[in-house]
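*Asks:* Let's see this in three dimensions:
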Amino acid sequence: MSAAHGPARAQLITGQRLAVLGGLASSLGHEINNPNTVILLNAKLLQKICADLWPMVEAQVRELGDVRIGGLTVEDARATVEQATGHIVDSGQRIAQVIANLRGLSRTGGGAQLVGLNPLVEQAIALLEPMVRRSTDALRLTLAAAGSKVHGQPQALLQVIVGLVHNALAALPARDRALTVGTAVDPDGAPRLWIEDQGVGMSAELLARVGEPFFSTRTAEGALGLGLYVAREVMRDHGGALAITSTVGQGTRVELRFPNAALSSAP
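*Replies:* Below you'll find the predicted structure:
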């Protein structure tokens with residue numbers, strides 16, 4: 001095989017791997033979604049049953065005196081059960097969202113619409129709220145007052161923002177390091193969104209490779225190395241661009257630049 005065929009062959013292999021991954025994500029999502037749906041339905045049913053049951057239990061306790069359930073007072077047992085079922089429902093809903101994001105990897109196309117960047121940022125932060133709490137005490141949102149709307153696919157854009165914020169949080173070495181997520185509108189009406197972290201940063205060599213499919217600095221943590229690749233593809237599909245700047249020891253800034261929504265949606 002000639003040297004000229006090398007890039008074409010590598011591109012073909014990458015395409016095949018992405019196609020397999022998309023099919024795997026869809027299949028895996030289906031297999032996880034079925035038991036997760038059962039867990040969610042039963043947890044919500046248990047919440048309803050307990051809500052009706054506790055008044056009767058408390059009435060009986062008033063007649064019988066000191067009663068223990070699992071070694072706990074009735075009041076503590078009620079609080080524990082309510083907290084536990086609440087955690088199950090919250091976790092099940094989080095799993096459902098992860099499945100939706102996985103399925104998004106295997107989707108193509110979909111209806112485009114006018115979507116605000118600010119609500120997508122807020123939704124992404126809400127989805128990553130447990131990781132935000134673990135990673136930083138200095139989350140800053142700098143959102144444009146108005147006009148930061150783009151013409152595109154909300155689910156695909158949300159997937160991009162979640163992935164970029166996740167990467168930024170994973171790069172923070174200490175809780176006092178800040179993460180800033182912002183939106184703005186340029187004078188020509190073109191919206192921008194940026195994620196800037198005070199993380200470990202990247203060398204020029206690493207920066208040149210980020211975005212390559214299946215390349216990641218966190219493979220030991222289970223990262224597939226597809227996040228930035230998918231993000232760039234989504235931005236290209238939306239007529240926009242993704243730019244990254246980084247300095248070792250200071251942090252990384254990722255900026256998403258979109259076309260003017262009025263122009264991009266015009267016939």
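*Asks:* ok, which stretches of this structure are helices?
*Replies:* With helices called from DSSP state H, the chain shows them at 5-64, 74-106, 117-127, 129-135, 154-170, 204-209, 227-237, 261-264.
*Asks:* which residue is nearest the centroid of the chain?
*Replies:* Taking Cα atoms, centre = their mean, the centroid of the chain lies closest to V162, which sits 3.2 Å from it.
*Asks:* Spatially, what comes nearest to that residue if we skip its sequence neighbours?
*Replies:* Excluding its sequence neighbours, the residue lying closest to V162 (Cβ to Cβ, 6 or more residues apart in numbering) is A124, at 4.6 Å. In this view, the C-beta of every residue, glycine as well, is placed from N, C-alpha and C.
*Asks:* pLDDT score assigned to the one you found?
*Replies:* Here, the pLDDT recorded for A124 equals 89.
*Asks:* before we move on, what about G110?
*Replies:* The predicted structure lists G110 with a pLDDT of 53.
*Asks:* sorry, back to before: could you double-check that the residue nearest to the centre of the chain lies in contact with E122?
*Replies:* No - counting by Cβ atoms under 8 Å, V162 sits too far from E122 to count as a contact (11.8 Å).
*Asks:* Any stretches of the stretch 1-150 of the chain with poor pLDDT?
*Replies:* In the predicted model, the stretch 1-150 of the chain carries pLDDT under 70 at residues 1-28, 98, 100-111, 147.
*Asks:* May I have the beta-bridge partners of the residue nearest to A243 when sequence neighbours are not counted?
*Replies:* Spatial nearest neighbour of A243, excluding adjacent residues (Cβ to Cβ, 6+ apart): E255 at 4.8 Å. With DSSP bridges applied, E255 shows beta-bridge pairing to W194, A243.
*Asks:* Touching, E255 and S246? I think so.
*Replies:* No - when contacts are counted by Cβ under 8 Å, E255 is not listed as touching S246 (11.8 Å).
*Asks:* More neighbours: which of the two?
*Replies:* More crowded of E255 and S246, by other Cβ atoms under 10 Å: S246, with 20 against 17.
*Asks:* can you pull the contacts of the more buried one?
*Replies:* Counting by Cβ atoms under 8 Å, 6 or more residues apart in numbering, S246 touches 201-202, 206-207, 252-253.
*Asks:* Could you work out the most separated pair of these?
*Replies:* L206 and R253 (14.8 Å; Cβ to Cβ).
*Asks:* just to revisit the earlier point, between the contacts of S246, which is nearest D137?
*Replies:* T252 (19.2 Å).
*Asks:* Relative to W54, how far out is the closest one?
*Replies:* 50 Å (Cβ to Cβ, to the nearest Å).
*Asks:* Which residue of the two possesses the greater neighbour count?
*Replies:* T252 (23 against 16).
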